[in-house]
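Chemist: Provided below for reference: sequence and predicted model.
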Amino acid sequence: MQAFRNCGVCASGSLLKGRTDFLVARRNMAVLRRTAACVQLLKDKANVFCSSPVHQRLLRLPEVARSNAVAFSVGSTLCAVPFTQVENLSHESLIRRASCLVTDSANTYLSQTTLALVDALTQYAKALHTLIALQKRYITSIGKLTPAEEDSIWQVIIGQRVEVSDRLEECKRFESNWINAIHICELSAEAAYNSGAEHACTATKTNLQVAQSKVEEIRKISKEAQKKLAETKAEEIQRMAEYASSIDINDLEDIPEAYLRED
């Protein structure tokens, strides 16, 4: 473009001088030489543009893009700008896309609630195992502890029972959110199937199966811990009864025989 402007300036100035002083041969020859130089410069610029990578890429555009190209004339060169036609979206396609977005959000909600519930159930199972260990330690030490030691152990056991109760409440709260996520995913999968988005429906059903299997697995672990705790409590009750009966027998043996005879 710069060369084109320079050429235009040179040609206009030279032609003007040629009109006023066209009888001067030397000046006319100078004008012709300058004009020829400008034409040669324009031809060189055009050759460089045609051999450039941009021009080669434009030549290799698909036929559809070439048909949609709009040509602009700038000086003595052409610039091709491709324009693609936007497909008209129907109501069915818009509903299908919206259903895919709903399934994506439902899957995110399900994954977050599943992770929270699995973590809560894991912490609840750990708290149960800790309480079981404390209960067994107390059972083995029945009758061997001083009142102060027994009181300190019971304080720890009571604190652990409070933690178990808190963990259980947390599990119930996250389980409520998880059940809501399950229902939302089921509805979104059905909506995706009805709208024609079978891939989104299949992916959501797969995520449902994975989430349910993970939660069921960790539930089994917590139920086993609950069962062991119940067995430990039953063992503690039995051990306390045996210890109480042994204390009563010993007390009776320590009483003198004279106090046991009837008058």
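Modeler: Received it, and whenever you're ready, just let me know what you need. Numbers count the residues shown, from 1 in each chain.
Chemist: contacts only, for residue 156.
Modeler: By C-beta atoms under 8 Å, 6 or more residues apart in numbering, residue 156 lies in contact with residue 134. C-beta here means a position set from N, CA and C on the backbone, and glycine is covered the same way.
Chemist: checking residue 144 next. Helix, strand or coil?
Modeler: When classified by DSSP: H, G, I helix; E, B strand; the rest coil, residue 144 comes out as coil.
Chemist: with residue 89 instead?
Modeler: Secondary structure for residue 89, judged by three-state DSSP, is coil.
Chemist: quick one: it and residue 198, what's the gap?
Modeler: 19 Å (C-beta to C-beta, to the nearest Å).
Chemist: ok, now residue 231?
Modeler: To residue 198, residue 231 is 50 Å away according to C-beta to C-beta.
Chemist: worst mean pLDDT across the helices and strands of the protein, which element?
Modeler: Within the chain, confidence by mean pLDDT, DSSP states H and E is lowest for helix 257-260 among all helices and strands, at a mean of 36.
Chemist: where does the stretch 101-250 of the chain have low pLDDT?
Modeler: Low-confidence segments of the stretch 101-250 of the chain, defined by pLDDT under 70: 248-250.
Chemist: if we go to 50?
Modeler: Low-confidence regions of the stretch 101-250 of the chain, defined here as pLDDT under 50, do not occur.
Chemist: domains of the chain?
Modeler: Listed by automatic domain parsing, the domain ranges of the chain are 2-81, 91-260.
Chemist: can you name every helix or strand that the helix ranked longest in the chain contacts?
Modeler: Scanning the chain for the longest helix, with DSSP state H as the assignment, gives helix 198-254. Counting contacts by 3 or more C-beta pairs under 8 Å, 6 or more residues apart in numbering; DSSP states H and E, helix 198-254 is packed against helix 91-140, helix 147-195.
Chemist: with distance to residue 246 added, can I get the ones you listed in TSV?
Modeler: Listed next are the helices and strands packed on helix 198-254 as TSV, based on distance: least, C-beta to C-beta, whole Å:
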stretch	distance to residue 246
helix 91-140	15
helix 147-195	17
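Chemist: and those helices, which is most packed in?
Modeler: helix 91-140 (a mean of 17; mean count of other C-beta atoms under 10 Å).
Chemist: helices or strands next to that one in the packing?
Modeler: Checked by 3+ C-beta pairs under 8 Å, 6+ apart, helix 91-140 has helix 147-195, helix 198-254 packed alongside it.
Chemist: in TSV: these, plus distance to residue 132.
Modeler: Compiled in TSV, these are given as follows (distance: least, C-beta to C-beta, whole Å):
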stretch	distance to residue 132
helix 147-195	10
helix 198-254	5
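Chemist: what sits against the nearest residue to residue 235 once chain neighbours are set aside?
Modeler: In space, and not counting its chain neighbours, residue 235 is closest to residue 139: 6.0 Å by C-beta to C-beta, 6 or more residues apart in numbering. Residue 139 makes contact with 232, 235-236, 239, according to C-beta under 8 Å, 6+ apart.
Chemist: are any of those buried, and if so which?
Modeler: residue 232 (16 or more other C-beta atoms under 10 Å).
Chemist: and which of the contacts of residue 139 is nearest residue 108?
Modeler: residue 232 (40.7 Å; C-beta to C-beta).
Chemist: quick check: the closest one touching residue 137?
Modeler: No. In this structure residue 232 lies outside contact range of residue 137 using C-beta atoms under 8 Å: 10.5 Å.
Chemist: rewinding a little: so the longest helix of the chain versus helix 91-140, what angle?
Modeler: Orientation of helix 198-254 against helix 91-140 (axes from the mean of the first three to the mean of the last three C-alpha atoms, to 10 degrees) gives an angle of 10 degrees.
Chemist: tilt between helix 198-254 and helix 147-195?
Modeler: 160 degrees.
Chemist: ok, now which ones touch residue 99?
Modeler: 188, 191-192, 194-195, 197, 200.
Chemist: residues near residue 222, how many?
Modeler: Residues near residue 222, counting by other C-beta atoms under 10 Å, number 21.
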